[in-house]
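Visitor: my questions concern the predicted model and sequence given below.
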Amino acid sequence: MDLYEVAQLCEQLNLDDDDGLVLCMSRDVHAGSRERMELCLVRKVLGNRLAIIKGLRRVLKLIWRIPNSFEVEKLGPDNMFLFMFRMPEDRLRILSGGPWSFENKLITLIKPRGLGELHNTNFNLLAFWILIINVPIACMIENCAWFWGHQLGFMEDMEISGGNMRVRVRIDVTVPLTRGIRCLMDEVGRKFQLFSDMSIF
């Protein structure tokens, strides 16, 4: 069976107007769903090997060390899991503390949006702290950190302290990392190179 035949079969699975009534759901039916969404995260373990839910729960409970318990549910066959937290603070701590890994595989973590439909969700974006090395003293300012961070990916945060510059950037983990950035300062006419180090993520 070729791709064209598979596409035709998939089109036949869609519901048409003739296939039945469209049911209207009142707010009473889905009351509480927004509060539930505010306490959950969806995680996907990247890689081909299937993650075992019991092992995942046990290991993450030890690593996260959050004061309240959490529940884990498997969402389909492709290493997706739903994490339900008791407190929003726990969810925020886990979300901002990443990236996380399990058995040497990265775990992507997202907040479900809208109705929580996952089929169009991009699980390839992860936030990393990246140390920028070889920064001239004149460029140890927030504007330069934001500028360079945006060159690497979607900039989330930055930190300059003790002669070090770090940026938290959300990047596509399927794309090879850039090893450095070459810069030319307009007024000065000097070129220099910056190198990024993700070993401390």
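Guide: Cool, got the structure. Numbers count the residues shown, from 1 in each chain.
Visitor: which of the residues in stretch 145-165 are buried?
Guide: 145, 148-149, 152-153, 155, 158, 160, 165 (16 or more other C-beta atoms under 10 Å). C-betas here are computed from N, CA, C, even on glycine.
Visitor: contacts for it, please.
Guide: With contact meaning C-beta atoms under 8 Å, 6 or more residues apart in numbering, stretch 145-165 is reached by 125, 127, 130-132, 135, 140-142, 144, 166-172, 178, 181, 194, 196.
Visitor: out of those, which are buried?
Guide: Using 16+ other C-beta under 10 Å as the burial test, these include 125, 127, 130-132, 135, 144, 166-169, 171, 181, 194, 196 as buried.
Visitor: give me the buried positions along stretch 74-85.
Guide: In stretch 74-85, counting by 16+ other C-beta under 10 Å, buried: 79-83, 85.
Visitor: ugh, wrong one, stretch 54-69
Guide: Under 16+ other C-beta under 10 Å, the buried positions of stretch 54-69 are 56, 60, 66.
Visitor: and it, C-alpha only, in PDB?
Guide: What follows is stretch 54-69 as a C-alpha-only set of coordinates in PDB (Å, rounded to 0.1, in the frame of the first residue of the first chain):
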ATOM      1  CA  LYS A  54       6.300   2.800  37.000                       C
ATOM      2  CA  GLY A  55      10.000   3.500  36.500                       C
ATOM      3  CA  LEU A  56       9.300   7.000  35.200                       C
ATOM      4  CA  ARG A  57       7.100   7.800  38.200                       C
ATOM      5  CA  ARG A  58       9.700   6.500  40.700                       C
ATOM      6  CA  VAL A  59      12.700   8.200  39.200                       C
ATOM      7  CA  LEU A  60      11.000  11.600  38.700                       C
ATOM      8  CA  LYS A  61       9.600  11.500  42.300                       C
ATOM      9  CA  LEU A  62      13.200  11.200  43.600                       C
ATOM     10  CA  ILE A  63      14.600  13.900  41.200                       C
ATOM     11  CA  TRP A  64      11.800  16.500  41.500                       C
ATOM     12  CA  ARG A  65      11.400  16.400  45.300                       C
ATOM     13  CA  ILE A  66       8.200  18.400  45.300                       C
ATOM     14  CA  PRO A  67       6.200  18.600  48.600                       C
ATOM     15  CA  ASN A  68       2.900  17.300  47.100                       C
ATOM     16  CA  SER A  69       2.300  14.100  45.200                       C
END
